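J.: Predicted model and sequence below, questions to follow.
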Amino acid sequence: MEIRVQDAPFDLGLEATRFAERQTGMGAVVTFTGIVRDLGEGDLHAMEIEHYPGMTEKALEEIAREAANRWSLGDILIIHRHGVLRAQDMIMMVATASKHRVDAFQAAEFLMDFLKSRAPFWKKEISAEKADWVAARDEDEDALKRW
Amino acid sequence: MEIRVQDAPFDLGLEATRFAERQTGMGAVVTFTGIVRDLGEGDLHAMEIEHYPGMTEKALEEIAREAANRWSLGDILIIHRHGVLRAQDMIMMVATASKHRVDAFQAAEFLMDFLKSRAPFWKKEISAEKADWVAARDEDEDALKRW
Amino acid sequence: MDVLYFAWVRERIGHPKDRIDTNPATVMDLVEELRGREDRYAAAFADLSALRVAIDQELSDFDASLDGAREVAFFPPMTGG
Amino acid sequence: MDVLYFAWVRERIGHPKDRIDTNPATVMDLVEELRGREDRYAAAFADLSALRVAIDQELSDFDASLDGAREVAFFPPMTGG
C-alpha cells in the first residue's frame, strides 16, 4: 500500500508500470487517473488544490484500509497532487491489483468515491476573470451510499 | 478508438501515457490490465492464447462501438495479445477516457465483461506436466447480464 | 464453404480447417455431416452445449441457416481478457 | 486549542488558523464563540449546512464534544479526486 500527497507532478506511465511490475500472482490491475479538464469555455487557466496536511494522509490511509478489508487485493496505490495545476495536468491516480478483475474494479471505484468526498481536498477553478471554489456535487455524496 | 491484436508485448506505461495525453477535455482515464497469473502451484510455465484472426478484430470493434454508444466517452483503447506468454506477462489492456469517472469506469468494466466472453480468444495453461484449455466460468457469462 | 476449428475443437479434429463442397441448409445439418466423417469429428461434436458457432465471423446458433455462408467456425466458449 | 480553516472558510475569515484559549464544550459552543468575534466570522459560519468539521483530523459533527480536542478544523464539503 502506497499513498503519496505531493505538489510535484507524477508520471502515470511510470507509476502504472512500477505498480504492475511489483505484483506477484495478481491477474488484474486497474488504474484511475483524474485530469484537469479544460471546461470548454476556453478560459480555465489553472486549478488550485488545497488540502489539510496531516488529515489528508490519515483519511487516504483509512479509505485504502477499508478497501483492503472489503476486497481481495494485492496492492493499492494512491497519489494526489495539491497546489496549482494547469488544464490537462494529472491531478491524482489510484491503482488496484487483484487476482480477478471484479475486485480490482470495485476497489478502484470505492477508493475514488470516498476520496472525492471524504479526503480533505478542495478545488478552485481559476479563469481569466475569476476564481471559484468547486461546489461538491450531490451525486458524489450519493455515490457513497452504494458501498 | 484504437484496437490492436498482436503477438508482440506492449508497454502498459507507454500506452497509458499516450492514451491520456492524446485526450482533450477529458477528466477521467481508466485502464485495466490483464496479467498472466502464476497459479500458485508454482508450475505454470506459460499461457498460450489462440484467437480467430479477422473475427477477433470485428468482435472487439463491435464491443467498443457498443460501449461508445452507451456512455459518453472521449476515447477507447483495446490491446490483446496472442501466442505464448509467461507468468507476469501482460495479456491485454483496455483504456477509457471520459469527462466524469462513472462513464470511464462503467465502460471499462463493460469492455472487459464482453471481451472475456464474446471475443474469440482461448487460453491454454501450460505447466511442466500438462496443457489445459481454460474453461469458461459461469460467472463470466453471468457478468454480461447486468448490461 | 470453409469450416474452421479453434482451441480443443481444432486439436481434437487434428487440423484447423476443412473445405466443404456440400450445401448443408443449417449449422445442425453441417454438424451431422461432419459427425459422419470420422470418429474424431464425432468426438469433437459430441456435446454441442460445449461448443459455439460463428457464421462469417459473427456468433450464431446451431439452428441458423447457412444460406450464403462462406465461413463457419466451431470453438469452445471464449476465455479472453 | 488550534482552530483551522480551509478553502473559502479560510478566505472569508482571512487567515488559516486561530489559537483559542477558552474551553468550549462542543463544536457548536466553539462556533458561537467564533461568530461573536467579528462580522467575517459570523459570515463564514452563517450556514452550517455548507460546512464540515474535523476534530483532531477526524471528520465529526457540530454537536460533538471538544473534551480533550487539540485541533478543530472547519471547511466546505470536500472536492478531491
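T.: Thanks, I have it. Numbers count the residues shown, from 1 in each chain, chains lettered A, B, ... in the order given.
J.: Residue C:25: neighbouring residues, count only.
T.: The burial count assigned to residue C:25 is 10, neighbours taken as other Cβ atoms under 10 Å in any protein chain shown. Yep, even glycine has a C-beta here, placed from its N, CA and C like the rest.
J.: ditto for residue C:53
T.: Residue C:53: 19 neighbours (other Cβ under 10 Å).
J.: got it, and residue A:14?
T.: 13.
J.: low-confidence ranges in the chain?
T.: Just so you know, I chose chain A. Chain A contains residues with pLDDT under 70 at A:39-44.
J.: Quick one: the strands in it, in order.
T.: Remark: strands assigned in chain A by DSSP state E are A:2-6, A:28-35, A:44-51, A:75-81, A:83-85, A:90-98, A:121-127, A:131-133.
J.: Which one, of those, ends up nearest to residue C:33?
T.: With distances scored as Cβ to Cβ, the stretch of the strands of chain A nearest to residue C:33 is strand A:28-35 (42.5 Å).
J.: partners of the closest one, with directions?
T.: strand A:90-98 (antiparallel), strand B:28-35 (antiparallel) (DSSP bridges).
J.: Would you mind measuring from residue C:80 to residue A:116?
T.: Counting by Cβ to Cβ, to the nearest Å, the gap between residue C:80 and residue A:116 amounts to 32 Å.
J.: re the thing from before, so can I have a markdown table of the strands of chain A showing mean neighbour count?
T.: Formatted as a markdown table, the strands of chain A follow (neighbours: other Cβ atoms under 10 Å in any protein chain shown):
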| stretch | mean neighbour count |
| --- | --- |
| strand A:2-6 | 16 |
| strand A:28-35 | 26 |
| strand A:44-51 | 18 |
| strand A:75-81 | 23 |
| strand A:83-85 | 16 |
| strand A:90-98 | 25 |
| strand A:121-127 | 20 |
| strand A:131-133 | 14 |
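J.: And for whichever residue of chain A sits closest to chain C, the neighbour number?
T.: In chain A, the residue that lies nearest chain C is residue A:101 (7.4 Å; Cβ to the nearest Cβ). As a burial measure, residue A:101 scores 23 neighbours (other Cβ under 10 Å).
J.: Wondering if the longest helix seen in chain C reaches chain B at all.
T.: The single longest helix within chain C, with elements called by DSSP state H, is helix C:27-35. No. Using Cβ under 8 Å from any Cβ of the partner chain, we find that helix C:27-35 stays clear of chain B, coming within 15.8 Å at best.
J.: And the contacts of that helix?
T.: Contacting residues not belonging to helix C:27-35 are listed as C:3, C:18, C:20, C:22, C:24, C:41-42, C:44-45, C:48, C:53, C:55, C:60-64, C:66, C:72 [Cβ atoms under 8 Å, 6 or more residues apart in numbering or on different chains].
J.: So how do I select the buried members of these in ChimeraX?
T.: Typed into ChimeraX, the line below selects the buried ones among the contacts of helix C:27-35, using 16 or more other Cβ atoms under 10 Å in any protein chain shown:
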select /C:3,24,41,44,45,53,55,60,62,64,66,72
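J.: Which ones among the contacts of helix C:27-35 map onto strands?
T.: C:3, C:18, C:53, C:55, C:60, C:72.
J.: Any chance of those in JSON lines with pLDDT and distance to residue A:14 as columns?
T.: Formatted as JSON lines, those follow (pLDDT from 0 to 100; distance: Cβ to Cβ, whole Å):
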{"residue": "C:3", "pLDDT": "98", "distance to residue A:14": "48"}
{"residue": "C:18", "pLDDT": "98", "distance to residue A:14": "50"}
{"residue": "C:53", "pLDDT": "98", "distance to residue A:14": "45"}
{"residue": "C:55", "pLDDT": "98", "distance to residue A:14": "46"}
{"residue": "C:60", "pLDDT": "98", "distance to residue A:14": "45"}
{"residue": "C:72", "pLDDT": "98", "distance to residue A:14": "47"}
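J.: For the residues you listed, give me CSV that also has distance to chain B.
T.: CSV is the format used below for the ones in strands among the contacts of helix C:27-35 (distance: Cβ to the nearest Cβ, whole Å):
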residue, distance to chain B
C:3, 13
C:18, 16
C:53, 11
C:55, 10
C:60, 11
C:72, 12
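J.: Wait, residue A:59 touches residue A:119, no?
T.: Yes. Residue A:59 lies in contact with residue A:119 (Cβ atoms under 8 Å); the separation is 4.4 Å.
J.: Look up how far chain B lies from residue C:54.
T.: 6 Å (Cβ to the nearest Cβ, to the nearest Å).
J.: my bad, residue A:117
T.: Residue A:117 is 12 Å from chain B, by Cβ to the nearest Cβ.
J.: Please apply the same query to residue A:137.
T.: 9 Å.
J.: and what of residue C:26?
T.: The value you get for residue C:26 to chain B, if Cβ to the nearest Cβ is used, is 20 Å.
J.: Which residues are in contact with residue A:84?
T.: Contacts of residue A:84 by Cβ under 8 Å, 6+ apart are A:46-48.
J.: okay, those residues in TSV with distance to residue A:129 next?
T.: Formatted as TSV, the contacts of residue A:84 follow (distance: Cβ to Cβ, whole Å):
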residue	distance to residue A:129
A:46	13
A:47	15
A:48	16
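J.: If we ignore the residues flanking it in sequence, what's nearest the residue of chain A found nearest chain D?
T.: Residue nearest to chain D within chain A: residue A:121 (3.1 Å; Cβ to the nearest Cβ). Of all residues not flanking residue A:121 in the chain, residue D:80 sits nearest, at 3.1 Å (Cβ to Cβ, 6 or more residues apart in numbering or on different chains).
J.: how many neighbours does the nearest residue to residue C:42 once chain neighbours are set aside have?
T.: Leaving aside its sequence neighbours, residue C:42 sits nearest to residue C:35 (Cβ to Cβ, 6+ apart; 4.8 Å). Other residues lying near residue C:35 total 15 when counted by other Cβ under 10 Å.
J.: Would you mind measuring from the residue nearest to residue A:121 to residue B:117?
T.: 36 Å.
J.: So between the two, which is more surrounded?
T.: More neighbours surround residue D:80 than the other of residue D:80 and residue B:117, with 26 against 21 (other Cβ under 10 Å).
J.: Next up, the contacts around the more buried one.
T.: Contacts of residue D:80 by Cβ under 8 Å, 6+ apart are A:49, A:51, A:80, A:92, A:115-117, A:119-123.
J.: cool, and residue C:50?
T.: Applying Cβ under 8 Å, 6+ apart, the residues near residue C:50 are C:76-77.
J.: what's it sitting at in phi/psi?
T.: phi -90, psi 0 (degrees, to the nearest 10).
J.: just how off-centre is the longest helix along chain A within its chain?
T.: Longest helix in chain A by number of residues (criterion: DSSP H): helix A:101-118. Distance of helix A:101-118 from the chain centroid (Cα atoms, centre = their mean, to the nearest Å) equals 9 Å.
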